[in-house]
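Trainee: 3D model of this:
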Amino acid sequence: MRLPSPWAPRLAPEPGAPSERLVAALSADIIDGRLGSGARLPAHRDLAWRLGIGVGTVTKAYAVLERRGLVRSVRGSGTFVAVAEARRGPLIDLSQNVPAAVLRERLLSRTLSAIARRVDSGLFNAYPPVGGHDEHRRQMARWFAGLGIAADPARLLLTVGAQHAIAVAFSAACGRDGAIYTEAQTYAGAIALARHQGLRLAGLAMDAEGLLPEALDRALARHAGGQAAVYLMPTQQNPTTSTMTRARREAIIAICRARDAVIVEDDVYTLAAAPELPALVTLAPERTIYVNGLSKTLNPALRIGALLLPEGLRGRAEAVLRATALMVSSMSCAVMQQWLLDGTAETVRRAIQDEARRRNALARSFLGAAIAPARQDGHHVWLPMPQPEAEQLETVARALGVVVTPPASTTAAPEVAGAGVRLCIGAPSMAELTTGLATIAGILAQRSEGASLPAAAIG
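Mentor: Numbering: from 1, shown residues only. Alright, predicted model coming up:
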């Protein structure tokens, strides 16, 4: 006699097809330990009847769970949970893309003391002009100069972080009925913003340098209705870490000029000037909205972003700023100003670069050729693999206590070949990072041997 299943059938509340909601509900209960290793799942027909769904829907959901390594089917016996309770203690988070923590209490105390001695109360007693105070915009322009960007402060607007800058750029470039063209794999925040603003989003084919010019040209040739904008991260692309050569940058610009497309250049991961790889805004200032900020190069809490705009788009961008965020934190701007004046910004940037090199070396020591080659050592690495395998790795890693970036969150075009898993290596401590990378390496080793899960995670 078969034992009944201990699972209380349910569908996850989020929208989606019934099979997807069933997969989500079972995945959550297995990973969170509510269904232990070896637990029987309900029979297909019984579960279908209890949930009011088709038997084929249950079969499809169970097949997805088995591909992800969460369950195993035994002919004549049923379907069982395959993941043992492997997690101990808090999760190790390799999904948060921030620089390594190099700011210490002593430095922060010294900064705040210096600000207190020279504070201008006028900056705290009134709203600043839209786009920031003149002095703060001059300081940001000075920071851009260190990255090889000649920025006129009059064309520069400050925002509440780079994410806000991207939102403003999309609105200024596309209005309400435009389209965003980008790589098939791209920044999850940009995908979310485009969808939130109701813009059409098209992910295009890419290679080791990023967006393919011929794919962009074909897409823009078919574009109809509204303004077209091309969102790109030419240097240390998120998530794939690809960097465009100068020839690729010039080819993309030529297409955008010919097809009258606006470029939104996201440059938050450039850690130092590279004259041989000029920013798109220096090659095509008349149609490029340049986005940068301080949270990826100095400190996550320094939520100051900036837009460098073509003259014709400044008014539209200011209107969006008035509607979305009237001012940047005066305290953040005071910290930025102090750090640029006393040299702390350069010291912190160099420390972050050094720590990034150390962490990338550690990642390569564990993962080797599984990591996509990158031109610079940044805050994340990319493991290219087919989408189903990427989703399985995410699921298994979480079961083993390691959170990685969900592959679906960075996918702008599921139908375009090329996917993978992003590992963010800046946020965890070195001890946590070592454990997390060792776990990922173990999963990849089992995958290369044909197994779906590390032996320690099989019930």
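Trainee: hey, C-alpha coordinates of the helix or strand of the chain with the lowest mean pLDDT in CSV?
Mentor: Considering only helices and strands, the least confidently modelled element of the chain by mean pLDDT, DSSP states H and E is strand 71-74, at a mean of 83. In CSV, the C-alpha atoms belonging to strand 71-74 read as follows (Å, rounded to 0.1, in the frame of the first residue of the first chain):
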residue,chain,number,x,y,z
VAL,A,71,12.2,15.5,-7.9
ARG,A,72,12.8,12.0,-9.3
SER,A,73,10.3,9.7,-10.8
VAL,A,74,10.4,5.9,-10.0
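Trainee: List the buried residues in that strand.
Mentor: Burial within strand 71-74, assessed by neighbour count using 16 or more other C-beta atoms under 10 Å, is assigned to 71, 72. C-beta here means a position set from N, CA and C on the backbone, and glycine is covered the same way.
Trainee: what's the longest helix seen in the chain in contact with?
Mentor: In the chain, ranked by residue count with DSSP state H as the criterion, the top helix is helix 344-367. Contact with helix 344-367 is made by 99-100, 102-103, 107, 111, 143, 146, 271-272, 297-299, 336, 338-339, 371, 374, 377-379, 381, 383, 423, 425-426, 430, 433-434, 437-438, 440-441, 444, as judged by C-beta atoms under 8 Å, 6 or more residues apart in numbering.
Trainee: Return it as CSV; C-alpha atoms alone will do.
Mentor: The C-alpha coordinates for helix 344-367 follow below in CSV (Å, rounded to 0.1, in the frame of the first residue of the first chain):
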residue,chain,number,x,y,z
THR,A,344,39.2,59.9,-0.8
ALA,A,345,37.2,59.0,-4.0
GLU,A,346,40.3,58.0,-5.8
THR,A,347,41.6,56.0,-2.8
VAL,A,348,38.3,54.1,-2.5
ARG,A,349,38.1,53.5,-6.2
ARG,A,350,41.6,52.0,-6.3
ALA,A,351,40.8,49.8,-3.2
ILE,A,352,37.6,48.5,-4.9
GLN,A,353,39.6,47.7,-8.1
ASP,A,354,42.2,45.8,-6.0
GLU,A,355,39.5,43.9,-4.2
ALA,A,356,37.7,43.1,-7.4
ARG,A,357,41.0,41.6,-8.8
ARG,A,358,41.4,39.5,-5.7
ARG,A,359,37.8,38.2,-5.9
ASN,A,360,37.9,37.5,-9.6
ALA,A,361,41.1,35.5,-9.1
LEU,A,362,39.3,33.5,-6.4
ALA,A,363,36.4,32.9,-8.8
ARG,A,364,38.7,31.7,-11.5
SER,A,365,40.5,29.4,-9.2
PHE,A,366,37.2,27.6,-8.5
LEU,A,367,35.3,27.9,-11.8
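Trainee: after that helix comes which helix or strand?
Mentor: For helix 344-367, the following helix or strand on the C-terminal side (DSSP states H and E) is strand 380-384.
Trainee: and the angle from whichever helix or strand comes after that next one to strand 380-384?
Mentor: The element immediately downstream of strand 380-384 (helix or strand, assigned by DSSP H and E) is helix 387-399. Here helix 387-399 runs at 130 degrees with respect to strand 380-384, directions being taken by axes from the mean of the first three to the mean of the last three C-alpha atoms, to 10 degrees.
Trainee: pLDDT averaged over stretch 14-25 - what is it?
Mentor: In this model, stretch 14-25 carries a mean pLDDT of 88.
Trainee: what does the helix or strand containing residue 193 contact?
Mentor: For residue 193, the host element (DSSP H and E) is helix 188-196. Applying C-beta under 8 Å, 6+ apart, the contact partners of helix 188-196 are 163, 166-167, 170, 180, 182, 200-201, 231, 239, 266, 405, 409-410, 412.
Trainee: Using CSV, write out every CA atom in it.
Mentor: Below are the C-alpha coordinates for helix 188-196, written out as CSV (Å, rounded to 0.1, in the frame of the first residue of the first chain):
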residue,chain,number,x,y,z
ALA,A,188,17.3,43.1,-15.0
GLY,A,189,16.6,46.6,-13.8
ALA,A,190,16.4,47.9,-17.3
ILE,A,191,14.0,45.1,-18.3
ALA,A,192,11.8,45.9,-15.4
LEU,A,193,11.8,49.6,-16.1
ALA,A,194,10.9,49.2,-19.8
ARG,A,195,8.0,46.9,-18.9
HIS,A,196,6.8,49.2,-16.1
